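*Asks:* After the sequence you'll find the predicted model.
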Amino acid sequence: MSQLNLEPNFSDPDAFYAALADLHRDRSAAASEQINARLILLLANQVGDQQILEQALAIAGQVNSELLHDN
Amino acid sequence: MPSSYTNPVYPYTHSPDQDSAQPVHHPVVIVGGGPAGLAAAMDLALQGVHTVVLDDNNTVSVGSRAICLAKRTLEICDRYGCGQPMLEKGVTWNLGKVYFGQEQVYEFNLLPEPDHKVPAFINLQQYYMEEFMVQRCMELPQIELRWLHKVTRVSTDDSGAAITVTTRDGDYQLTCDYLLVADGANSPIRDSLGLQSRGQVFEDRFLIADIIMKADFPAERRFWFDAPFHPGQSTLLHKQADNVWRIDFQLGWDADPEEEKKLENIRPRVEAMLGKDREWELEWASVYTFRCRKMDSFIHHRAFFIGDSAHQVSPFGARGANGALQGVENLGWKLAAVIQGRAPAALLQTYDTERQHGARENILHSTRATDFMTPKNHITRVFRDTVLDMSRHFPFARTLVNSGRLSKPCTYEETPLSTPDSDAFKLALRPGSPCTDAPVSGGNGSGWLLNHLGGQFNVLLRGEFDAGRITALERLATQLREMGIRLTILRVDAPGEPGAHTVHLTDHKGVLAERYDLLTAGVYLIRPDQHVAARWRQLDLQELEAAVQRALGSHLQQECAA
């Protein structure tokens, strides 16, 4: 079964994070939301594999306090 | 306030220059006796260039200020002859803990990479660094330190510089061929020449508090994002020498610096952080604003700006004093080569081009750390907090957490002084890179490669080469010496008698061959600042000589004349 990679995999993590922050600089809240949605769709297509996507969706759904109790 | 350190007091001395009817001329005058100015004096002294260092004060740094000395800085200081006391006095830590809100989200262990003479970094208060540098400067006869000599006026054109110095005995004038300006971030000389350092001011303030711990405390770095005792802001706890600990409290833009510096306001924060039972005393406190900026050019006629006067970064990247020393080592050998007539003046321009690249890189890393700590808007705060939240469970998220990165020296990509690779080599180390250390034996007895490099050009070669070419290489070194260019040949794993210019080294652990991609035969040309200038698989003396001349900027002269 395909497995979501949770180990470090960025070729340049700081550059990615800075580019992400730059993308959102001086945007309205609505524009930021739309940017995030577009980004998720682009990256999901790149991943492609439904099993992996479902694992990612499951982890993403465990927000805030739920995450703390899920070990 | 209690103190773990007593600042030395260096005496004012009256110089014969002050009694001269005409301004006395010196080849190089350095303004500022901080890390940049002192390092420049040592670098030039080791190249045989005399300097006068003028400082408006009579002691070293007041307060700990820069506390993280990175590997490259320690290697540079080791070459200058003041690294050992820093290594002995400095402290290392390996364990780092990251907190988000109430709890620790993860910890990391920076295990040292083996087979390097110096560690990746040490923590040492700036006053110790400067004190050890001053001690070394005093041993070098080419350096004249003048304390309480304040430069109050500067003029410069393409033939030199003239300065006015104010002392308790009145004003006097000096002239020089080159003026090195190391008078700090707020550089009065930069201002007086109408020059600017431009960039970004971060709308944030930080309180620095140095505290003396009364009892042992684990040697680890702790970083809080959104600390419970300091809601919404970051806090850093960092160990220094003498049981002194640095605490940085992010205050935000609206904080009142004077109020925050008061002990009665610092005490409850530290107690909330360390617990009420722990005994400590406040040694020093200061409030500062983050700033990343640099000059458009570090050269103005014959005035060369070094250190914070040329480029300033926010802390948390440890790239201020560390960046300053890389700039100084870049300038030192070039200035000596031009003054001593073995390179055209155009070589000096590459101090600006190479170090503009270094300064941009330092500012980039420093800005990224600051941006992570201080999200600029709602959505970046959501991303930041989500990264921290996810870092509890998921290793990938930890690579995005940025509470300051280790300072690394830059590689001079695309510098006109490098000869681009034409043969196949691994790219981790490449033309423009600072050399990596490796254990060796033989030669002058030092067990480390870097102690054999620098000050002069080096040819480092390993593998089988035609005997005739090896003899010709010795001859080339002799010819270059006659032109004033010192070149030492380091032959690795090829035992033999030392030649006039040849030193034999043994790579007994095989680490050198690995790090320099010399498992198959190869030749490196290394600059006097220990950066790689060129490399080949074959030993071709014409190419080698051309690369030496290229590293000295001989091709730049014509471009300038045109």
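*Replies:* Structure's in. What do you need?

*Asks:* Strands of the stretch 101-250 of chain B, start to end?
*Replies:* Taking DSSP state E, counting those that start in this stretch as the test, the strands found in the stretch 101-250 of chain B are B:103-109, B:121-123, B:143-147, B:150-157, B:160-167, B:170-181, B:197-213, B:220-225, B:235-239, B:244-250.

*Asks:* Could I get the CA-only coordinates of the longest helix belonging to chain A as PDB?
*Replies:* Scanning chain A for the helix with the most residues, using DSSP state H, yields helix A:29-47. This file holds the C-alpha atoms of helix A:29-47, laid out as PDB (Å, rounded to 0.1, in the frame of the first residue of the first chain):
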ATOM      1  CA  ALA A  29      -8.300  37.100   3.300                       C
ATOM      2  CA  ALA A  30     -10.500  36.000   0.400                       C
ATOM      3  CA  ALA A  31      -7.600  36.000  -2.000                       C
ATOM      4  CA  SER A  32      -5.500  34.000   0.500                       C
ATOM      5  CA  GLU A  33      -8.200  31.400   0.800                       C
ATOM      6  CA  GLN A  34      -8.400  31.000  -2.900                       C
ATOM      7  CA  ILE A  35      -4.600  30.800  -3.200                       C
ATOM      8  CA  ASN A  36      -4.600  28.000  -0.600                       C
ATOM      9  CA  ALA A  37      -7.400  26.100  -2.400                       C
ATOM     10  CA  ARG A  38      -5.600  26.400  -5.700                       C
ATOM     11  CA  LEU A  39      -2.300  25.200  -4.100                       C
ATOM     12  CA  ILE A  40      -4.000  22.200  -2.500                       C
ATOM     13  CA  LEU A  41      -5.500  21.200  -5.800                       C
ATOM     14  CA  LEU A  42      -2.200  21.600  -7.700                       C
ATOM     15  CA  LEU A  43      -0.300  19.600  -5.200                       C
ATOM     16  CA  ALA A  44      -3.000  16.900  -4.900                       C
ATOM     17  CA  ASN A  45      -2.800  16.400  -8.600                       C
ATOM     18  CA  GLN A  46       0.900  16.100  -8.400                       C
ATOM     19  CA  VAL A  47       0.600  13.400  -5.700                       C
END
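
*Asks:* Now do that helix: distance to the chain's middle.
*Replies:* How far helix A:29-47 lies from its chain's middle: 9 Å, per C-alpha atoms, centre = their mean, to the nearest Å.

*Asks:* repeat for stretch B:112-127
*Replies:* Stretch B:112-127 sits 13 Å away from the centroid of its parent chain (C-alpha atoms, centre = their mean).

*Asks:* tell me which residues in it are buried?
*Replies:* B:115-127 (16 or more other C-beta atoms under 10 Å in any protein chain shown). Yep, even glycine has a C-beta here, placed from its N, CA and C like the rest.

*Asks:* The longest helix of chain A packs against which elements?
*Replies:* Helix A:29-47 is packed against helix A:13-24, helix A:50-61, helix B:378-391, with contacts defined by 3 or more C-beta pairs under 8 Å, 6 or more residues apart in numbering or on different chains; DSSP states H and E.

*Asks:* Buried ones in it, by neighbour count?
*Replies:* Buried, per 16+ other C-beta under 10 Å, within helix A:29-47: A:32, A:36.

*Asks:* pLDDT below threshold where in chain A?
*Replies:* Applying pLDDT under 70 to chain A flags the ranges A:64-71.

*Asks:* Show me what from it comes close to chain B.
*Replies:* Contacts of chain A with chain B, taken as C-beta under 8 Å from any C-beta of the partner chain, map to A:5-10, A:13-14, A:16-18, A:20-21, A:24-25, A:27, A:29, A:32, A:36, A:59, A:64, A:67-68, A:71.

*Asks:* Tell me the buried residues within these.
*Replies:* Among the residues of chain A next to chain B, those buried by neighbour count (16+ other C-beta under 10 Å) are A:13-14, A:17-18, A:20-21, A:24, A:32, A:36, A:59.

*Asks:* Which parts of the stretch 301-450 of chain B are helices?
*Replies:* Under the criterion DSSP state H, counting those that start in this stretch, helices of the stretch 301-450 of chain B are mapped to B:321-339, B:349-373, B:378-391, B:395-398.

*Asks:* So for residue B:5, what's the nearest residue that isn't a sequence neighbour?
*Replies:* Once flanking residues are discounted, residue B:5 sits nearest to residue B:127: 6.0 Å by C-beta to C-beta, 6 or more residues apart in numbering or on different chains.

*Asks:* mind checking the end-to-end distance for stretch B:236-248?
*Replies:* Using C-alpha to C-alpha, to the nearest Å, the end-to-end distance of stretch B:236-248 comes out at 5 Å.

*Asks:* quick one: residue B:365 and chain A, what's the gap?
*Replies:* In this view, residue B:365 and chain A are 7 Å apart by C-beta to the nearest C-beta, to the nearest Å.

*Asks:* Distance check, residue B:372 against residue B:378.
*Replies:* 15 Å (C-beta to C-beta, to the nearest Å).

*Asks:* The longest helix of chain A versus helix B:378-391: what angle between them?
*Replies:* Comparing the axes of helix A:29-47 and helix B:378-391 via axes from the mean of the first three to the mean of the last three C-alpha atoms, to 10 degrees yields an angle of 40 degrees.

*Asks:* ok, and what's touching helix A:29-47?
*Replies:* The contact list for helix A:29-47, computed with C-beta atoms under 8 Å, 6 or more residues apart in numbering or on different chains, reads A:23-24, A:27, A:53, A:56, B:378-379.

*Asks:* Repeat that for stretch B:360-379.
*Replies:* Here stretch B:360-379 makes contact (C-beta under 8 Å, 6+ apart) with A:14, A:17-18, A:21, A:24-25, A:27, A:29, A:32, A:36, B:199-200, B:202, B:204, B:225, B:234, B:250, B:290, B:292-294, B:311, B:313-317, B:319, B:323, B:380-381, B:383-384, B:401-405, B:407, B:410.
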